[in-house]
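Undergrad: model the following, please.
(chains A and B)
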Amino acid sequence: MNDELKYLLARTVQGKHSRRAFLGRAGALGVTAAMANTMLATAVRAQGPKKGGTLRMGLQGGSTTDSMDPALATNQVALMVIRLWGEPLVELTDDGGIEGKVAESFESTPDAQVWTFKVRKGITFSNGQPVTATDVVESLDRHSGEDTKSGALGIMRGIKAMRTEGEDTVVVELDTPNADLPYLLADYHLIIQPGGGKDAPDAAIGTGPYVMKEIDMGVRFVAEKNPNYWGDLGNADVLELVVINDNTARVAALQSGQVDLIDRVPPRTAGLVARAPGVTVHQTSGPGHYVFIMHCNTAPFDNNDVRLALKYAINREEMVEKILFGYGSVGNDTPINAAYPLFTEMEQRTYDPDKAKFHMQQSGYDGAILLRTSENSFPGAPDASALFQQSCAAAGINLEIKREPNDGYWSEVWNVQPFCTSYWGGRPTQDQMYTTAYLSTADWNDTKFNNEQFDQLLFAARAELDAGKRKQMYADMGTILHNEGGLICPMFNDFIDASSDRIAGWIDDTAGFALMNSYAPHRMWVV
Amino acid sequence: MSPVVKLLAQRIALGLLLLFLVSILIFVGTIILPGDVAQSILGQSATPEALANLRRDLGLNDPPVTRYFNWLFGVLQGDLGTALTSGQDIATQIGARLGNTLFLAFWAAVISVPLAIFLGLLAVRYRDRWPDKLISGVTLASISVPEFVIAYVMIFFVAVKLRWGVSVATINDSMSLGDKLYAIALPVAVLTLVVLAHMMRMTRAAILNVMQSAYIETAELKGLTMFTIIRRHAFPNSIAPIVNVVMLNLAYLVVGVVVIEVVFVYPGMGQYLVDHVSKRDVPVVQACGLIFAAVYIGLNLVADVVSILTNPRLRHPK
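TA: Got it, this is the predicted structure:
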């Protein structure tokens, strides 16, 4: 970097030049706009976080029908609001590990069947009440009993008993060993509330870095820094969240400077948004994927040759390019990608009309294949189906498409009809993803996959504490699914968020959900 | 009893009957839709146990007829109930939302109604000449383009490019009146464009209709100027149809602006209703439906009364 550029950069970071002026002059010095943007972002980040100010975000997914009860949270806005005022026992780290939040430390017996959590010393709820082990047990209990309405009930089922030991220790006993228990307890529903939140589940009182000041469901939320927060999370003094469900309105709000941070930039327009001045688009790969699912127990999909033929007849690269507009990566007919811990790369299956034709002939089936789809099964699903139809035709396979209405798709088509389009948001661990959808007895086994060896490997891996051995088991399971499963996974979709140059501190490729696992507002700062 | 009072009483009684029928229709409608509130609340994460627990807590296991009458008795005692989804009191929530909707509708009406009538008069004055054609052309074009397109175009040029206005019209109690008006400037402009043509065209047609009358010819022969004739003679005689169309448009401003609310992120009734329909939250949908129906019926009542009062022949029937 030449001296003049260095000087300009320093002046800009100190706020003596506008960003636009810097980009202009950098351009005059022969630096491309993209390069100058990157240099500036790096320089601003290197200066370190600044405290204070108001950070405003416009997010998609909120509704006036939402509740402040974390047990009932289902969308991105509800999740973000929870992240402001509350904390679970433990949380994902940027690289997919686990760190303590309300729990200071945790450990298990060697067989991973009994887990002990130590409550962080001296922390209080935002109403001033100290956090005790009893609060933790009561909180978890609220999501487990048979009476609960919690979205986390499914993951709490494996817990046999919970008890306190002294003031600050919680002991959790499991039905079957599970080395991934901390990942399960990082679920965003499982917020630690005073008295377990049994008296006032929607009081928004927790141990989070912010406290709620204004709550208008589905419209607007304002939170202020919690002065008694135990950690150093949270840079802005005030966080303001406006619910903007319309895609165009959300992007316009960012471009016109009314908000600093938005989520879910539509892939179709993300390239244009990235070119706008003062706006940076952030692409984060995650575990979410779009799928074509076949029921392995229904003709003609009960024949593995038919399944393989269709797997070879799909053009994954084309889908990533035309459906995700490049904001994603190709799938390999398993629900697992590099976003998961203990992931092993497999040989990539590619579009091969000849192999598809061969397997179709092997199967002896020559009729048409009916695929059902709808726009809400994933964005662009009907288009993706049409692409699939064309690539199938090249292999001599007659794929028929039936467009289904959005309303009722999840109750009438998905998990009911033998071949349809769908999506998965992913889970934090391989165990959880496989247990949710590929174990033969799972409620949501939407491919009706039934493989004894696969089930056995899943239980064995869950109880295995040796990372190397677990990794091998998961690799074996992935291979089974890749070769025999009813899942055609053409693509993993990236999270696409965007921020204005009024704020800085974005970190690329964090684990978990979009917006840096929904911690971007806490960790970014107003420059 | 004066005929006007009698007519009013009749109309109000009829209106109440209509409201009752509307409430039954809405209830049946929300029952027919696939899925129920419990399924909608829990979404994809629903487990059979959680569903059953939620249904029991919300009282969804009662037969629909019982639920309808429970609701009706509550309303007759002035209790709109609580939302099934969030457990909030419906009356308080709707109060704030209705206030916002009326605020937006009020300012849109304050600008669009006088403007439409004035443009209508202007079009009559310069009938078939370029001002008439320009006014008709522009207003008809703006009503023909879908409102969200006008909204997006406005947002792009006014908010993003020129930065004269804001695209997010979310208002809240801590804002001053000036701030609020600044925030809603763009949606008000779009709404004005959307309702202008209908009222303007009706004003023009009604006045032109009257202008064919013999007494206008007399006025012309007396040597009155064109504007005086329109203002003093033609306009008062064409108030009835104009008021009718103005009321229809006012009703639209209150009940029909969901799309504008979504695009401009405005916390009004429309968005509130749509959220609750998609969650099958029957009590809220009922309450919103009743309010919308009441607004429509009430404004039409006003239109009828005004047309009677302005017409001596109706005011003094033989």
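Undergrad: next, count neighbours for residue 288.
TA: Defaulting to chain A. Residue A:288 sits with 21 neighbouring residues when counted by other Cβ atoms under 10 Å in any protein chain shown. For every residue, glycine as well, the C-beta is placed using N, CA and C.
Undergrad: switch to chain B, that's the one I care about
TA: Here the count is done by other Cβ under 10 Å, and residue B:288 has 25 residues near it.
Undergrad: swap in residue A:469?
TA: Around residue A:469 there are 12 other residues, counting by other Cβ under 10 Å.
Undergrad: helices and strands around the host helix or strand of it, which ones?
TA: Using DSSP states H and E, residue A:469 falls within helix A:467-484. If you count contacts as 3 or more Cβ pairs under 8 Å, 6 or more residues apart in numbering or on different chains; DSSP states H and E, helix A:467-484 packs onto helix A:304-312, helix A:430-437, helix A:452-463.
Undergrad: lowest-confidence stretch among the ones you listed?
TA: Ranked by mean pLDDT, these bottom out at helix A:430-437, with a mean of 90.
Undergrad: got the contact list for the residue lying closest to residue A:285 once chain neighbours are set aside?
TA: Leaving aside its sequence neighbours, residue A:285 sits nearest to residue A:494 (Cβ to Cβ, 6 or more residues apart in numbering or on different chains; 5.2 Å). Applying Cβ atoms under 8 Å, 6 or more residues apart in numbering or on different chains, we find residue A:494 in contact with A:283-286, A:324, A:327-329.
Undergrad: quick check, residue A:176 in contact with residue A:458.
TA: No - look at residue A:176 against residue A:458 with Cβ atoms under 8 Å: they stay out of range, at 10.9 Å.
Undergrad: all helices of the stretch 251-400 of chain A, in order?
TA: Using DSSP state H, counting those that start in this stretch, the helices of the stretch 251-400 of chain A run over A:267-275, A:304-312, A:316-322, A:353-363, A:381-394.
Undergrad: other residues contacting the fourth one?
TA: Contacts to helix A:353-363, defined as Cβ under 8 Å, 6+ apart, come from residues A:300, A:303, A:305-306, A:308-310, A:312-313, A:366, A:391-392, A:394-397.
Undergrad: now, of those, which are buried?
TA: By neighbour count, with 16 or more other Cβ atoms under 10 Å in any protein chain shown, the contacts of helix A:353-363 hold A:300, A:303, A:305-306, A:308-310, A:312-313, A:391-392, A:395, A:397 as buried.
Undergrad: quick one on the thing from earlier: next helix or strand past the helix holding residue A:469?
TA: Next along the chain after helix A:467-484, taking DSSP H and E as the criterion, comes strand A:487-493.
Undergrad: tell me the buried residues in the helix or strand hosting residue B:97?
TA: Using DSSP H and E, residue B:97 maps to helix B:90-125. Residues of helix B:90-125 classed as buried: B:90, B:93-94, B:96-98, B:100-105, B:107-109, B:111-113, B:115-117, B:119-125 (neighbour count, 16+ other Cβ under 10 Å).
Undergrad: run through the neighbouring helices and strands of it.
TA: Short answer (3+ Cβ pairs under 8 Å, 6+ apart): helix B:90-125 packs on helix B:130-144, helix B:185-211, helix B:226-228, helix B:239-255, helix B:269-278, helix B:282-309.
Undergrad: next one: stretch B:20-30, is it in contact with chain A?
TA: No - against chain A, stretch B:20-30 shows no contacts by Cβ under 8 Å from any Cβ of the partner chain, the least distance being 13.0 Å.
Undergrad: per-residue confidence for residue A:505?
TA: In this model, residue A:505 is scored at 93, pLDDT.
Undergrad: any idea how far it is from residue B:23?
TA: As judged by Cβ to Cβ, to the nearest Å, residue A:505 and residue B:23 stand 53 Å apart.
Undergrad: swap in residue B:306?
TA: Residue B:306 sits 28 Å away from residue B:23, going by Cβ to Cβ.
Undergrad: nearest to chain A among the helices and strands packed on helix B:90-125 would be which one?
TA: helix B:269-278 (4.4 Å; Cβ to the nearest Cβ).
Undergrad: tabulate the helices and strands packed on helix A:467-484 (CSV), appending distance to residue B:131.
TA: Formatted as CSV, the helices and strands packed on helix A:467-484 follow (distance: least, Cβ to Cβ, whole Å):
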stretch, distance to residue B:131
helix A:304-312, 66
helix A:430-437, 67
helix A:452-463, 78
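Undergrad: wait, which of those helices is closest to chain B?
TA: helix A:430-437 (10.2 Å).
Undergrad: what angle do the closest one and helix A:467-484 make?
TA: Relative orientation of helix A:430-437 versus helix A:467-484 (axes from the mean of the first three to the mean of the last three Cα atoms, to 10 degrees): 40 degrees.
Undergrad: number of residues surrounding residue 204?
TA: No chain in the question, so chain A it is. By the measure other Cβ under 10 Å, the count of residues near residue A:204 is 24.
Undergrad: oops, wrong one, chain B.
TA: Number of residues near residue B:204 (other Cβ under 10 Å) recorded here: 25.
Undergrad: comparing the helices of the stretch 251-400 of chain A, which comes out most buried?
TA: Neighbour counts (mean count of other Cβ atoms under 10 Å in any protein chain shown) averaged over each of these peak at helix A:304-312, with a mean of 22.
Undergrad: what about that one, distance to the chain center?
TA: Relative to its parent chain, helix A:304-312 has a centroid offset of 29 Å by Cα atoms, centre = their mean, to the nearest Å.
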